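Undergrad: sequence below, structure please.
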Amino acid sequence: MIAKTEADPTTINRLYGRSSGHKLRKSQSDLVETLLPAIAVPSEGDITAARLFGDDRPLHFEIGFGGGEHLAYRADLLPDHGFIGCEPFLNGVAQALAHIRDQKLANIRIHMGDALDVLRRLPDRSLTMVYLLHPDPWPKARHAKRRMMNDGPLALIASKMKPGGEFRVATDDPTYLNWLLMVMQRHTDEFEWVVKEPGEWLRYPSGWPETRYAAKARREGRTPHQFRYRRLG
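TA: Below you'll find the model as predicted:
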């Protein structure tokens with residue numbers, strides 16, 4: 001997760017936490033050296049669907065994709081849509097690359113780094129869906145400014161989404177759950193909570209697979225919560 005300056009909450013100060021973990025296997029290193037450059041988001045200039053995929057297709061954006069299982073599932077489900085996945089953790093990127101290779105997915109582009117850097121370079125109203133699934137909760141109060149669910153990043157996300165687009169958020173952390181609901185309540189002019197009946201946020205809608213983080217949470221006795229928000233406008 002990233003910290004923001006006091007003057008501008010969407011400006012990166014520095015990357016917090018690890019960027020890599022255990023040593024990559026040779027097959028993973030090979031993917032990072034060969035496949036990643038071929039599907040990496042350009043490091044400069046505007047980012048559009050046409051630039052990434054050669055046509056004006058719907059764009060999806062996942063912030064912190066972990067091992068990439070959700071990203072790969074959605075891309076396979078919607079082959080005529082384009083997917084941008086951002087993840088600063090090298091080992092997670094390597095796992096995602098393996099999914100992309102094994103499933104022969106041509107509609108994913110990867111950014112190994114900060115999602116906000118890519119978001120800033122997207123045209124306004126260009127994203128059909130945005131995913132923020134089980135982000136680092138930064139549970140200590142003094143670290144709250146490092147959470148992705150904050151007013152600055154959320155305003156940036158809103159500006160990049162098409163009216164009617166969907167923002168999906170999930171967490172199994174009680175502190176983060178209360179925090180995200182509080183933050184989203186401050187943005188009711190931008191987002192509408194999509195919910196039809198009590199308890200709906202405890203079930204996955206069609207086309208939303210359970211991630212390994214959610215499965216781990218269940219094994220450890222925590223309850224994943226899933227929320228869908230529609231971009232107003």
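Undergrad: ranges for the helices of the protein?
TA: Using DSSP state H, the helices of the chain run over 26-39, 49-53, 69-77, 90-102, 115-120, 151-160, 174-185, 212-219.
Undergrad: spatially central residue in the protein, please.
TA: When Cα atoms, centre = their mean is applied to the chain, the residue found nearest the centroid is Ile63 (1.9 Å).
Undergrad: who is that one paired with across the strands?
TA: Cys86 (DSSP bridges).
Undergrad: ok, now which residue in the protein is the farthest from the centroid?
TA: Lys26 (27.1 Å).
Undergrad: tell me, how many residues neighbour Gly207?
TA: Using other Cβ atoms under 10 Å, Gly207 is surrounded by 9 other residues. All C-beta atoms are positioned from the backbone trio N, CA, C, and that covers glycine.
Undergrad: please read the previous query as pertaining to Gln95.
TA: When neighbours are counted by other Cβ under 10 Å, Gln95 registers 22.
Undergrad: just put the helices of the chain in CSV and tack on mean pLDDT.
TA: Shown next, in CSV, are those (pLDDT from 0 to 100):
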stretch, mean pLDDT
helix 26-39, 94
helix 49-53, 98
helix 69-77, 98
helix 90-102, 96
helix 115-120, 96
helix 151-160, 96
helix 174-185, 95
helix 212-219, 92
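Undergrad: for Asp136, which of these is the nearest?
TA: Of all the helices of the chain, helix 174-185 sits nearest to Asp136, with 8.8 Å by Cβ to Cβ.
Undergrad: what's next to the closest one, contact-wise?
TA: 135, 137, 139, 144, 147, 149-151, 154, 169, 171, 191, 193, 222, 225, 227, 229 (Cβ atoms under 8 Å, 6 or more residues apart in numbering).
Undergrad: and the residue nearest to the centre of the chain, what is it in contact with?
TA: Cys86, Ala115, Val130, Tyr131, Leu132, Pro135, Met148.
Undergrad: could you redo the last one with a cut-off of 10 Å?
TA: By Cβ atoms under 10 Å, 6 or more residues apart in numbering, the contact set of Ile63 is 1, 84-87, 114-116, 118-119, 130-133, 135, 148, 153, 157, 169.
Undergrad: what do you get for Phe191?
TA: Contacts of Phe191 (Cβ under 10 Å, 6+ apart): 154, 157-158, 161, 165-167, 184-185, 227-233.
Undergrad: also Glu69?
TA: So Glu69 contacts Gln95, Ala96, His99, Pro209, Glu210, Thr211, Arg212, Tyr213, Ala215 (Cβ under 10 Å, 6+ apart).
Undergrad: buried members of these into ChimeraX, please.
TA: To isolate the buried ones among the contacts of Glu69 in ChimeraX, judged by 16 or more other Cβ atoms under 10 Å, type:
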select :95,96,99,210,211,213
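Undergrad: with distance to Glu197 added, can I get the contacts of Glu69 in TSV?
TA: TSV is the format used below for these (distance: Cβ to Cβ, whole Å):
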residue	distance to Glu197
Gln95	35
Ala96	34
His99	33
Pro209	22
Glu210	20
Thr211	24
Arg212	28
Tyr213	25
Ala215	24
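Undergrad: Asn150 is in contact with Leu132, isn't it?
TA: No - between Asn150 and Leu132 there is no contact under Cβ atoms under 10 Å: 11.5 Å.
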